[in-house]
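J.: Here's a sequence, model it:
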Amino acid sequence: MSNSRELHVAILASPGIGHLNPVLRLGRRLTTLVNNIKVTILVVSSTMSPPTSTLLQSLGVEKEAEIEIIGLPPVDISHLITPTTQVVTQICMINREALPAVKSTIAAMNNRPDALIVDLFGTEAIPIAKEFNIPKYVFITTNAWNTTLWVYVQVLDKQVQGQYLDQEEPFEIPGCKPVRPEIVVDPMWDREDQRYFEYLRVGMELSLSDGVMINTWEELEPVSIRALRQNEVLHGILKVPVYPIGPLSRPAEPSGLKDEEVRKWLDKQQADSVLYVSFGSGGTLSAEQIIELAWGLELSNQKFIWVVRPPIDGSFDGAFFSVGETGSSNDGPRFLPPGYTSRVQERGLLLPIWGQQVEILNHKSVGGFMSHCGWNSTLETIAAGVPIIGWPLYAEQALNATMLSQELGVAICPDVLPGRTIVLRQEIAIMVRRVMGEKDGKIMREKIRMLQESGKNALSEGASSYNSMIEVVRDIELRLSES
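T.: Sure thing, here's the model as predicted:
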(Lines give C-alpha, C1' and ligand atoms only; values in the text may rest on other atoms or scores of the structure.)
Protein backbone atom coordinates (compact mmCIF):
# COMPACT_ATOMS: atom_id res chain seq x y z
CA MET A 1 0.00 0.00 0.00
CA SER A 2 1.23 3.53 -0.75
CA ASN A 3 0.05 6.63 1.05
CA SER A 4 0.12 10.25 -0.09
CA ARG A 5 2.25 11.50 2.80
CA GLU A 6 4.67 10.02 5.28
CA LEU A 7 2.98 8.77 8.41
CA HIS A 8 4.74 8.56 11.76
CA VAL A 9 3.26 6.06 14.20
CA ALA A 10 4.42 5.71 17.81
CA ILE A 11 3.82 2.42 19.62
CA LEU A 12 4.04 2.10 23.40
CA ALA A 13 5.28 -1.25 24.74
CA SER A 14 4.65 -2.32 28.34
CA PRO A 15 7.45 -3.96 30.38
CA GLY A 16 8.54 -7.48 29.53
CA ILE A 17 9.52 -9.61 26.54
CA GLY A 18 5.94 -10.86 26.18
CA HIS A 19 4.77 -7.32 25.39
CA LEU A 20 7.79 -6.04 23.46
CA ASN A 21 7.86 -9.02 21.10
CA PRO A 22 4.39 -8.52 19.52
CA VAL A 23 4.85 -4.72 19.47
CA LEU A 24 8.02 -5.22 17.41
CA ARG A 25 6.08 -7.48 15.05
CA LEU A 26 3.36 -4.85 14.70
CA GLY A 27 5.93 -2.18 13.92
CA ARG A 28 7.59 -4.39 11.36
CA ARG A 29 4.23 -5.24 9.78
CA LEU A 30 3.39 -1.55 9.38
CA THR A 31 6.72 -0.70 7.76
CA THR A 32 6.56 -3.60 5.30
CA LEU A 33 2.90 -3.09 4.42
CA VAL A 34 2.84 0.68 3.95
CA ASN A 35 5.22 2.85 1.96
CA ASN A 36 6.48 6.05 3.59
CA ILE A 37 5.65 5.08 7.14
CA LYS A 38 7.93 5.67 10.12
CA VAL A 39 7.50 3.71 13.34
CA THR A 40 8.89 4.66 16.73
CA ILE A 41 8.58 2.16 19.58
CA LEU A 42 8.67 3.55 23.11
CA VAL A 43 9.69 0.81 25.56
CA VAL A 44 8.59 1.16 29.18
CA SER A 45 10.83 -0.46 31.79
CA SER A 46 11.56 -0.40 35.49
CA THR A 47 14.61 -0.57 37.71
CA MET A 48 13.79 -4.21 38.49
CA SER A 49 13.49 -5.38 34.87
CA PRO A 50 16.28 -6.01 32.34
CA PRO A 51 17.42 -3.01 30.22
CA THR A 52 15.73 -2.50 26.86
CA SER A 53 18.93 -3.49 25.06
CA THR A 54 18.97 -6.83 26.89
CA LEU A 55 15.33 -7.54 26.00
CA LEU A 56 15.97 -6.73 22.34
CA GLN A 57 19.03 -8.96 22.28
CA SER A 58 17.05 -11.85 23.78
CA LEU A 59 14.53 -11.43 20.95
CA GLY A 60 17.31 -11.55 18.36
CA VAL A 61 16.85 -7.87 17.52
CA GLU A 62 19.91 -5.66 17.33
CA LYS A 63 18.19 -2.90 15.40
CA GLU A 64 15.37 -2.43 12.91
CA ALA A 65 16.19 -0.46 9.79
CA GLU A 66 12.74 1.10 9.50
CA ILE A 67 11.97 1.33 13.21
CA GLU A 68 13.34 3.64 15.87
CA ILE A 69 13.37 2.05 19.32
CA ILE A 70 13.53 4.36 22.33
CA GLY A 71 14.01 2.90 25.78
CA LEU A 72 12.30 5.25 28.24
CA PRO A 73 14.11 5.97 31.53
CA PRO A 74 13.43 3.07 33.94
CA VAL A 75 10.95 3.94 36.66
CA ASP A 76 11.21 2.89 40.29
CA ILE A 77 8.08 1.44 41.91
CA SER A 78 9.83 -0.15 44.89
CA HIS A 79 8.09 2.30 47.22
CA LEU A 80 4.68 1.35 45.81
CA ILE A 81 4.77 -2.42 46.04
CA THR A 82 4.88 -5.12 48.71
CA PRO A 83 6.07 -8.74 48.44
CA THR A 84 2.48 -9.74 47.55
CA THR A 85 1.93 -7.20 44.76
CA GLN A 86 0.97 -9.20 41.66
CA VAL A 87 2.74 -8.88 38.30
CA VAL A 88 -0.30 -7.38 36.54
CA THR A 89 -0.49 -4.66 39.19
CA GLN A 90 3.23 -4.00 38.89
CA ILE A 91 3.01 -3.66 35.09
CA CYS A 92 0.17 -1.14 35.45
CA MET A 93 2.11 0.79 38.12
CA ILE A 94 5.23 0.93 35.94
CA ASN A 95 3.21 2.19 32.96
CA ARG A 96 1.52 4.78 35.18
CA GLU A 97 4.82 6.07 36.56
CA ALA A 98 6.23 6.26 33.02
CA LEU A 99 3.45 8.53 31.68
CA PRO A 100 5.42 11.79 32.18
CA ALA A 101 8.36 10.30 30.24
CA VAL A 102 6.02 9.14 27.46
CA LYS A 103 4.56 12.64 27.14
CA SER A 104 7.90 14.47 27.26
CA THR A 105 9.49 12.07 24.77
CA ILE A 106 6.70 12.58 22.25
CA ALA A 107 6.76 16.35 22.81
CA ALA A 108 10.51 16.46 22.15
CA MET A 109 10.31 14.63 18.80
CA ASN A 110 11.16 16.75 15.77
CA ASN A 111 8.74 14.65 13.77
CA ARG A 112 5.71 14.31 16.05
CA PRO A 113 3.72 11.07 15.70
CA ASP A 114 0.57 11.10 13.60
CA ALA A 115 -0.93 8.33 15.76
CA LEU A 116 -0.28 6.55 19.04
CA ILE A 117 -0.78 2.82 19.53
CA VAL A 118 -0.62 1.44 23.07
CA ASP A 119 -0.50 -2.20 24.05
CA LEU A 120 -3.14 -3.77 26.27
CA PHE A 121 -1.72 -2.44 29.56
CA GLY A 122 -0.95 1.05 28.25
CA THR A 123 -4.47 2.48 28.04
CA GLU A 124 -3.71 5.20 30.62
CA ALA A 125 -1.54 6.82 27.92
CA ILE A 126 -4.57 7.39 25.67
CA PRO A 127 -5.18 10.93 27.09
CA ILE A 128 -1.64 11.86 25.95
CA ALA A 129 -2.71 11.20 22.36
CA LYS A 130 -5.76 13.38 22.96
CA GLU A 131 -3.51 16.21 24.18
CA PHE A 132 -1.50 16.02 20.97
CA ASN A 133 -4.74 15.72 18.95
CA ILE A 134 -3.69 12.51 17.22
CA PRO A 135 -5.59 9.23 16.64
CA LYS A 136 -5.11 6.56 19.32
CA TYR A 137 -5.46 2.79 19.16
CA VAL A 138 -5.04 -0.20 21.46
CA PHE A 139 -3.11 -3.29 20.39
CA ILE A 140 -4.42 -6.42 22.16
CA THR A 141 -1.49 -8.83 22.10
CA THR A 142 -3.68 -11.84 22.87
CA ASN A 143 -6.76 -13.29 21.15
CA ALA A 144 -10.36 -12.26 20.56
CA TRP A 145 -11.94 -14.68 23.05
CA ASN A 146 -9.87 -13.20 25.86
CA THR A 147 -10.84 -9.72 24.61
CA THR A 148 -14.54 -10.55 24.88
CA LEU A 149 -14.05 -11.51 28.53
CA TRP A 150 -11.98 -8.38 29.17
CA VAL A 151 -14.72 -6.21 27.70
CA TYR A 152 -17.58 -8.06 29.45
CA VAL A 153 -16.08 -8.33 32.94
CA GLN A 154 -17.49 -4.88 33.76
CA VAL A 155 -20.95 -6.46 33.37
CA LEU A 156 -20.01 -9.60 35.29
CA ASP A 157 -18.68 -7.41 38.08
CA LYS A 158 -22.24 -6.22 38.73
CA GLN A 159 -23.93 -9.59 38.18
CA VAL A 160 -21.74 -12.10 39.99
CA GLN A 161 -21.79 -12.39 43.76
CA GLY A 162 -18.65 -13.67 45.51
CA GLN A 163 -15.46 -14.90 43.90
CA TYR A 164 -15.54 -15.94 40.24
CA LEU A 165 -13.65 -19.17 40.98
CA ASP A 166 -16.39 -20.23 43.41
CA GLN A 167 -19.19 -20.07 40.83
CA GLU A 168 -20.69 -23.31 39.52
CA GLU A 169 -22.06 -22.23 36.15
CA PRO A 170 -20.07 -20.92 33.16
CA PHE A 171 -20.11 -17.17 32.55
CA GLU A 172 -22.29 -16.45 29.53
CA ILE A 173 -20.84 -13.83 27.18
CA PRO A 174 -23.54 -12.68 24.71
CA GLY A 175 -22.91 -13.93 21.20
CA CYS A 176 -19.76 -15.72 22.28
CA LYS A 177 -18.49 -18.90 23.89
CA PRO A 178 -19.12 -19.14 27.65
CA VAL A 179 -16.16 -19.16 30.03
CA ARG A 180 -15.92 -21.76 32.78
CA PRO A 181 -15.03 -20.30 36.21
CA GLU A 182 -11.84 -22.35 36.56
CA ILE A 183 -10.27 -20.93 33.37
CA VAL A 184 -10.83 -17.20 33.94
CA VAL A 185 -7.80 -14.94 33.66
CA ASP A 186 -5.70 -14.60 36.80
CA PRO A 187 -6.75 -10.99 37.61
CA MET A 188 -10.22 -12.48 38.21
CA TRP A 189 -8.97 -15.00 40.79
CA ASP A 190 -9.33 -12.53 43.65
CA ARG A 191 -11.85 -9.69 43.43
CA GLU A 192 -10.24 -7.95 46.42
CA ASP A 193 -6.78 -7.72 44.87
CA GLN A 194 -5.68 -4.58 43.07
CA ARG A 195 -4.92 -6.44 39.84
CA TYR A 196 -8.65 -7.14 39.48
CA PHE A 197 -9.43 -3.43 39.60
CA GLU A 198 -6.63 -2.72 37.11
CA TYR A 199 -8.12 -5.37 34.82
CA LEU A 200 -11.58 -3.81 35.12
CA ARG A 201 -10.15 -0.37 34.37
CA VAL A 202 -8.36 -1.48 31.22
CA GLY A 203 -11.48 -3.19 29.90
CA MET A 204 -13.44 0.04 30.26
CA GLU A 205 -10.65 2.23 28.86
CA LEU A 206 -10.56 0.32 25.57
CA SER A 207 -13.49 2.46 24.43
CA LEU A 208 -11.44 5.63 24.89
CA SER A 209 -9.45 4.63 21.81
CA ASP A 210 -10.33 5.04 18.15
CA GLY A 211 -10.01 1.33 17.49
CA VAL A 212 -8.77 -1.97 18.89
CA MET A 213 -6.31 -4.16 17.00
CA ILE A 214 -6.13 -7.83 18.04
CA ASN A 215 -3.33 -10.29 17.29
CA THR A 216 -5.61 -12.90 15.77
CA TRP A 217 -7.37 -13.49 12.47
CA GLU A 218 -10.94 -13.82 11.25
CA GLU A 219 -10.74 -17.44 10.22
CA LEU A 220 -9.34 -18.56 13.60
CA GLU A 221 -11.95 -16.87 15.82
CA PRO A 222 -15.03 -15.95 13.76
CA VAL A 223 -17.48 -16.21 16.69
CA SER A 224 -15.56 -14.00 19.12
CA ILE A 225 -14.74 -11.40 16.47
CA ARG A 226 -18.36 -11.28 15.35
CA ALA A 227 -19.46 -10.80 18.97
CA LEU A 228 -17.06 -7.89 19.44
CA ARG A 229 -18.20 -6.23 16.22
CA GLN A 230 -21.89 -7.00 15.89
CA ASN A 231 -23.28 -8.18 19.19
CA GLU A 232 -25.57 -5.52 20.64
CA VAL A 233 -24.25 -5.94 24.18
CA LEU A 234 -20.51 -6.27 23.52
CA HIS A 235 -20.37 -3.68 20.77
CA GLY A 236 -22.37 -1.37 22.99
CA ILE A 237 -19.67 -1.69 25.63
CA LEU A 238 -16.63 -1.54 23.38
CA LYS A 239 -18.07 1.06 20.98
CA VAL A 240 -15.02 1.25 18.69
CA PRO A 241 -13.97 -0.70 15.57
CA VAL A 242 -12.17 -4.03 16.00
CA TYR A 243 -9.32 -4.95 13.66
CA PRO A 244 -8.00 -8.55 13.65
CA ILE A 245 -4.49 -8.06 12.20
CA GLY A 246 -2.64 -11.28 13.13
CA PRO A 247 -1.01 -13.64 13.38
CA LEU A 248 2.01 -11.45 14.17
CA SER A 249 4.84 -13.54 15.60
CA ARG A 250 8.60 -13.61 15.46
CA PRO A 251 9.92 -15.44 12.39
CA ALA A 252 12.78 -17.90 12.63
CA GLU A 253 16.25 -16.42 12.21
CA PRO A 254 17.58 -17.10 8.67
CA SER A 255 20.86 -18.19 10.26
CA GLY A 256 19.03 -20.81 12.30
CA LEU A 257 20.11 -22.00 15.75
CA LYS A 258 23.09 -20.13 17.17
CA ASP A 259 23.72 -22.74 19.86
CA GLU A 260 25.89 -25.29 18.09
CA GLU A 261 25.31 -27.99 20.71
CA VAL A 262 21.52 -27.73 20.32
CA ARG A 263 21.70 -27.63 16.53
CA LYS A 264 23.97 -30.68 16.29
CA TRP A 265 21.82 -32.63 18.75
CA LEU A 266 18.61 -31.85 16.85
CA ASP A 267 20.21 -32.64 13.49
CA LYS A 268 20.85 -36.20 14.70
CA GLN A 269 17.19 -36.86 15.56
CA GLN A 270 14.44 -38.20 13.34
CA ALA A 271 11.72 -35.90 11.98
CA ASP A 272 8.96 -35.02 14.49
CA SER A 273 10.62 -37.09 17.23
CA VAL A 274 11.58 -34.41 19.81
CA LEU A 275 9.33 -32.69 22.38
CA TYR A 276 10.28 -29.10 23.21
CA VAL A 277 9.44 -28.11 26.81
CA SER A 278 9.32 -24.45 27.82
CA PHE A 279 6.98 -22.26 29.87
CA GLY A 280 7.70 -18.86 28.35
CA SER A 281 9.78 -15.88 29.42
CA GLY A 282 8.01 -15.56 32.78
CA GLY A 283 6.73 -19.03 33.70
CA THR A 284 7.98 -20.94 36.74
CA LEU A 285 6.98 -24.20 38.43
CA SER A 286 7.04 -25.35 42.03
CA ALA A 287 9.86 -27.59 43.21
CA GLU A 288 7.46 -30.54 43.57
CA GLN A 289 6.06 -30.03 40.07
CA ILE A 290 9.54 -29.87 38.54
CA ILE A 291 10.35 -33.26 40.08
CA GLU A 292 7.15 -34.78 38.67
CA LEU A 293 7.79 -33.23 35.24
CA ALA A 294 11.35 -34.55 35.21
CA TRP A 295 10.16 -38.09 36.02
CA GLY A 296 7.29 -37.83 33.53
CA LEU A 297 9.64 -36.89 30.69
CA GLU A 298 11.97 -39.73 31.66
CA LEU A 299 9.16 -42.29 31.90
CA SER A 300 7.72 -41.27 28.51
CA ASN A 301 10.77 -42.73 26.72
CA GLN A 302 10.51 -39.86 24.23
CA LYS A 303 13.28 -37.46 23.22
CA PHE A 304 13.02 -33.93 24.57
CA ILE A 305 14.63 -30.52 24.96
CA TRP A 306 13.70 -28.87 28.25
CA VAL A 307 14.32 -25.21 29.11
CA VAL A 308 14.82 -25.63 32.86
CA ARG A 309 14.25 -22.78 35.31
CA PRO A 310 14.76 -22.93 39.08
CA PRO A 311 11.54 -23.31 41.10
CA ILE A 312 9.84 -20.30 42.65
CA ASP A 313 7.16 -21.77 44.89
CA GLY A 314 3.85 -19.95 44.97
CA SER A 315 4.50 -17.81 41.90
CA PHE A 316 3.77 -19.05 38.39
CA ASP A 317 5.02 -15.81 36.80
CA GLY A 318 8.07 -15.51 39.05
CA ALA A 319 10.54 -15.00 36.19
CA PHE A 320 8.60 -12.13 34.59
CA PHE A 321 10.86 -9.34 35.81
CA SER A 322 14.05 -11.22 36.62
CA VAL A 323 16.04 -14.33 35.77
CA GLY A 324 17.31 -16.60 38.55
CA GLU A 325 20.40 -18.77 38.69
CA THR A 326 20.16 -22.43 37.75
CA GLY A 327 22.03 -23.65 40.83
CA SER A 328 23.81 -26.41 38.93
CA SER A 329 25.74 -29.24 40.57
CA ASN A 330 28.08 -31.71 38.90
CA ASP A 331 25.09 -33.67 37.66
CA GLY A 332 22.77 -30.91 36.50
CA PRO A 333 20.56 -28.50 38.44
CA ARG A 334 20.22 -29.32 42.15
CA PHE A 335 16.42 -29.19 41.97
CA LEU A 336 16.20 -32.17 39.57
CA PRO A 337 16.20 -35.81 40.75
CA PRO A 338 19.66 -37.15 41.65
CA GLY A 339 21.50 -38.53 38.64
CA TYR A 340 18.85 -37.19 36.25
CA THR A 341 21.20 -35.67 33.66
CA SER A 342 23.22 -38.86 33.43
CA ARG A 343 20.14 -41.03 32.97
CA VAL A 344 18.52 -38.96 30.21
CA GLN A 345 21.61 -37.71 28.40
CA GLU A 346 21.05 -39.99 25.41
CA ARG A 347 17.57 -38.65 24.70
CA GLY A 348 17.17 -35.45 26.71
CA LEU A 349 18.84 -32.06 26.39
CA LEU A 350 18.55 -29.58 29.29
CA LEU A 351 18.88 -25.87 28.53
CA PRO A 352 19.32 -23.52 31.52
CA ILE A 353 16.90 -20.56 31.62
CA TRP A 354 16.48 -19.86 27.89
CA GLY A 355 16.35 -21.43 24.43
CA GLN A 356 15.98 -20.16 20.87
CA GLN A 357 12.30 -21.08 20.85
CA VAL A 358 11.24 -20.15 17.33
CA GLU A 359 14.29 -21.75 15.76
CA ILE A 360 13.87 -24.92 17.85
CA LEU A 361 10.17 -25.20 17.00
CA ASN A 362 10.96 -24.88 13.30
CA HIS A 363 13.59 -27.60 13.31
CA LYS A 364 12.38 -30.65 11.39
CA SER A 365 13.06 -33.01 14.32
CA VAL A 366 10.70 -31.20 16.72
CA GLY A 367 7.24 -32.79 16.72
CA GLY A 368 5.62 -31.45 19.91
CA PHE A 369 5.66 -28.50 22.30
CA MET A 370 4.85 -28.61 26.03
CA SER A 371 3.86 -24.98 26.50
CA HIS A 372 2.30 -22.57 28.98
CA CYS A 373 0.08 -21.48 26.04
CA GLY A 374 0.95 -17.80 26.23
CA TRP A 375 -0.36 -16.21 23.06
CA ASN A 376 3.09 -15.37 21.65
CA SER A 377 4.18 -18.99 22.05
CA THR A 378 0.84 -20.20 20.68
CA LEU A 379 1.28 -18.19 17.49
CA GLU A 380 4.88 -19.35 17.18
CA THR A 381 3.92 -23.01 17.43
CA ILE A 382 1.05 -22.55 14.94
CA ALA A 383 3.52 -20.92 12.55
CA ALA A 384 5.82 -23.92 13.01
CA GLY A 385 2.99 -26.46 12.64
CA VAL A 386 3.77 -28.25 15.92
CA PRO A 387 1.05 -29.74 18.21
CA ILE A 388 0.90 -28.79 21.87
CA ILE A 389 0.71 -30.17 25.38
CA GLY A 390 -1.06 -27.30 27.15
CA TRP A 391 0.34 -26.36 30.55
CA PRO A 392 -1.31 -23.02 31.44
CA LEU A 393 0.10 -21.13 34.43
CA TYR A 394 -1.23 -17.55 34.62
CA ALA A 395 -2.72 -14.61 32.67
CA GLU A 396 -5.14 -15.84 29.98
CA GLN A 397 -3.24 -19.07 29.37
CA ALA A 398 -6.04 -21.40 30.57
CA LEU A 399 -8.40 -19.75 28.07
CA ASN A 400 -5.84 -20.26 25.31
CA ALA A 401 -5.25 -23.89 26.27
CA THR A 402 -8.99 -24.56 26.31
CA MET A 403 -9.44 -23.07 22.85
CA LEU A 404 -6.47 -25.02 21.46
CA SER A 405 -7.59 -28.36 22.91
CA GLN A 406 -11.38 -28.31 22.95
CA GLU A 407 -12.17 -26.10 19.96
CA LEU A 408 -9.25 -26.40 17.55
CA GLY A 409 -8.08 -29.91 18.44
CA VAL A 410 -4.36 -29.11 18.23
CA ALA A 411 -3.51 -29.63 21.90
CA ILE A 412 -4.02 -31.98 24.82
CA CYS A 413 -4.09 -30.82 28.44
CA PRO A 414 -3.80 -32.44 31.88
CA ASP A 415 -7.00 -33.46 33.64
CA VAL A 416 -6.24 -30.83 36.30
CA LEU A 417 -5.06 -27.28 35.84
CA PRO A 418 -1.30 -27.08 36.47
CA GLY A 419 -0.61 -24.89 39.47
CA ARG A 420 -3.92 -25.68 41.16
CA THR A 421 -2.96 -29.34 41.60
CA ILE A 422 0.30 -31.16 40.95
CA VAL A 423 0.28 -32.98 37.61
CA LEU A 424 1.73 -36.40 38.35
CA ARG A 425 4.48 -38.13 36.41
CA GLN A 426 2.26 -40.91 35.08
CA GLU A 427 -0.15 -38.45 33.45
CA ILE A 428 2.75 -36.43 32.05
CA ALA A 429 4.28 -39.53 30.47
CA ILE A 430 0.94 -40.47 28.90
CA MET A 431 0.43 -36.98 27.44
CA VAL A 432 3.94 -36.94 26.00
CA ARG A 433 3.48 -40.32 24.35
CA ARG A 434 0.09 -39.22 22.95
CA VAL A 435 1.29 -36.00 21.35
CA MET A 436 4.45 -37.64 19.99
CA GLY A 437 2.67 -40.82 18.91
CA GLU A 438 1.47 -41.86 15.50
CA LYS A 439 -2.28 -41.73 16.20
CA ASP A 440 -3.15 -38.62 18.23
CA GLY A 441 0.04 -36.82 17.28
CA LYS A 442 -0.59 -37.26 13.58
CA ILE A 443 -4.18 -35.96 13.83
CA MET A 444 -3.12 -32.89 15.82
CA ARG A 445 -0.18 -32.26 13.50
CA GLU A 446 -2.47 -32.27 10.48
CA LYS A 447 -4.91 -29.85 12.16
CA ILE A 448 -2.26 -27.41 13.31
CA ARG A 449 -0.67 -27.35 9.87
CA MET A 450 -4.05 -26.34 8.49
CA LEU A 451 -4.04 -23.46 11.01
CA GLN A 452 -0.49 -22.66 9.93
CA GLU A 453 -1.68 -22.25 6.35
CA SER A 454 -4.75 -20.28 7.44
CA GLY A 455 -2.57 -17.81 9.34
CA LYS A 456 -0.24 -17.33 6.39
CA ASN A 457 -3.17 -16.77 4.07
CA ALA A 458 -4.75 -14.17 6.40
CA LEU A 459 -1.63 -11.98 6.11
CA SER A 460 -1.39 -12.21 2.33
CA GLU A 461 -2.42 -9.34 0.08
CA GLY A 462 -6.19 -8.93 -0.14
CA ALA A 463 -6.88 -11.36 2.73
CA SER A 464 -8.59 -10.68 6.06
CA SER A 465 -5.72 -9.48 8.27
CA TYR A 466 -4.05 -7.65 5.44
CA ASN A 467 -7.25 -5.72 4.79
CA SER A 468 -7.73 -5.00 8.51
CA MET A 469 -4.27 -3.46 8.79
CA ILE A 470 -4.92 -1.34 5.71
CA GLU A 471 -8.20 -0.18 7.30
CA VAL A 472 -6.29 1.01 10.38
CA VAL A 473 -3.89 3.06 8.27
CA ARG A 474 -6.76 4.56 6.27
CA ASP A 475 -8.58 5.38 9.50
CA ILE A 476 -5.49 7.25 10.74
CA GLU A 477 -5.29 9.19 7.48
CA LEU A 478 -9.00 10.02 7.58
CA ARG A 479 -8.84 11.28 11.15
CA LEU A 480 -5.78 13.39 10.38
CA SER A 481 -7.51 14.95 7.39
CA GLU A 482 -10.51 15.85 9.56
CA SER A 483 -8.51 17.32 12.44
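J.: List of residues touching the helix or strand hosting residue 427?
T.: Using DSSP states H and E, residue 427 sits within helix 425-436. With contact meaning C-beta atoms under 8 Å, 6 or more residues apart in numbering, helix 425-436 is reached by 272-273, 275, 292-293, 295-297, 299-302, 304, 367-368, 370, 387-389, 412, 414-415, 440-441, 444. Glycine gets a C-beta too; all of them are placed from N, C-alpha and C.
J.: Kindly give a single ChimeraX line that selects the buried subset of the residues you listed.
T.: Here is the ChimeraX command that picks out the buried ones among those, judged by 16 or more other C-beta atoms under 10 Å:
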select :272,273,275,292,293,295,296,297,300,302,304,367,368,370,387,388,389,412,414,440,441,444
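J.: Now, the contacts of helix 425-436 that are in helices?
T.: Taking DSSP state H, the ones among those that sit in helices are 292, 293, 295, 296, 297, 299, 300, 440, 441, 444.
J.: okay, those residues in a markdown table with pLDDT and distance to residue 173 next?
T.: Listed next are the ones in helices among the contacts of helix 425-436 as a markdown table, based on pLDDT from 0 to 100; distance: C-beta to C-beta, whole Å:
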| residue | pLDDT | distance to residue 173 |
| --- | --- | --- |
| 292 | 96 | 35 |
| 293 | 97 | 34 |
| 295 | 97 | 39 |
| 296 | 98 | 35 |
| 297 | 97 | 37 |
| 299 | 97 | 40 |
| 300 | 97 | 37 |
| 440 | 89 | 30 |
| 441 | 92 | 33 |
| 444 | 97 | 27 |
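J.: And the residues you listed, which is closest to residue 140?
T.: Within those, the smallest distance to residue 140 is 26.7 Å, found for residue 444 (C-beta to C-beta).
J.: For the closest one, list the residues it contacts.
T.: Residue 444 neighbours (C-beta under 8 Å, 6+ apart): 387, 388, 409, 410, 411, 412, 435.
J.: switch the cut-off to 6 Å
T.: Residue 444 makes contacts with 387, 410, as judged by C-beta atoms under 6 Å, 6 or more residues apart in numbering.
J.: what do you get for the one 3 residues further on?
T.: Contact criterion C-beta under 6 Å, 6+ apart gives 409, 410 as the residues in contact with residue 447.
J.: just to revisit the earlier point, need the ones in helices among the contacts of helix 425-436 in JSON lines (columns: distance to residue 242).
T.: Listed next are the ones in helices among the contacts of helix 425-436 as JSON lines, based on distance: C-beta to C-beta, whole Å:
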{"residue": "292", "distance to residue 242": "41"}
{"residue": "293", "distance to residue 242": "38"}
{"residue": "295", "distance to residue 242": "45"}
{"residue": "296", "distance to residue 242": "41"}
{"residue": "297", "distance to residue 242": "41"}
{"residue": "299", "distance to residue 242": "46"}
{"residue": "300", "distance to residue 242": "42"}
{"residue": "440", "distance to residue 242": "35"}
{"residue": "441", "distance to residue 242": "35"}
{"residue": "444", "distance to residue 242": "30"}
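J.: Identify, from those, the entry nearest to residue 248.
T.: Closest approach to residue 248 among those (C-beta to C-beta): residue 444, at 23.5 Å.
J.: separation between the closest one and residue 434?
T.: Distance, residue 444 to residue 434, using C-beta to C-beta, to the nearest Å: 9 Å.
J.: Residue 291 now?
T.: Per C-beta to C-beta, residue 291 is found 22 Å from residue 434.
J.: repeat for residue 42
T.: Look at residue 42 and residue 434: by C-beta to C-beta, they are 44 Å apart.
J.: Likewise for residue 441?
T.: Taking C-beta to C-beta, one finds residue 441 at 7 Å from residue 434.
J.: List of residues touching stretch 403-412?
T.: The contact list for stretch 403-412, computed with C-beta under 6 Å, 6+ apart, reads 387, 388, 389, 390, 413, 431, 434, 435, 444, 447, 448.
J.: change it to 7 Å
T.: Outside stretch 403-412, the residues that touch it by C-beta atoms under 7 Å, 6 or more residues apart in numbering are 145, 373, 378, 387-390, 401, 413, 431, 434-435, 444, 447-448, 451.
J.: for that stretch, how far is the first residue from the last?
T.: Across stretch 403-412, the terminal residues are separated by 11 Å (C-alpha to C-alpha, to the nearest Å).
J.: ok, and for it, which residues are buried?
T.: For stretch 403-412, burial by neighbour count (16+ other C-beta under 10 Å) applies to 403, 404, 405, 408, 409, 410, 411, 412.
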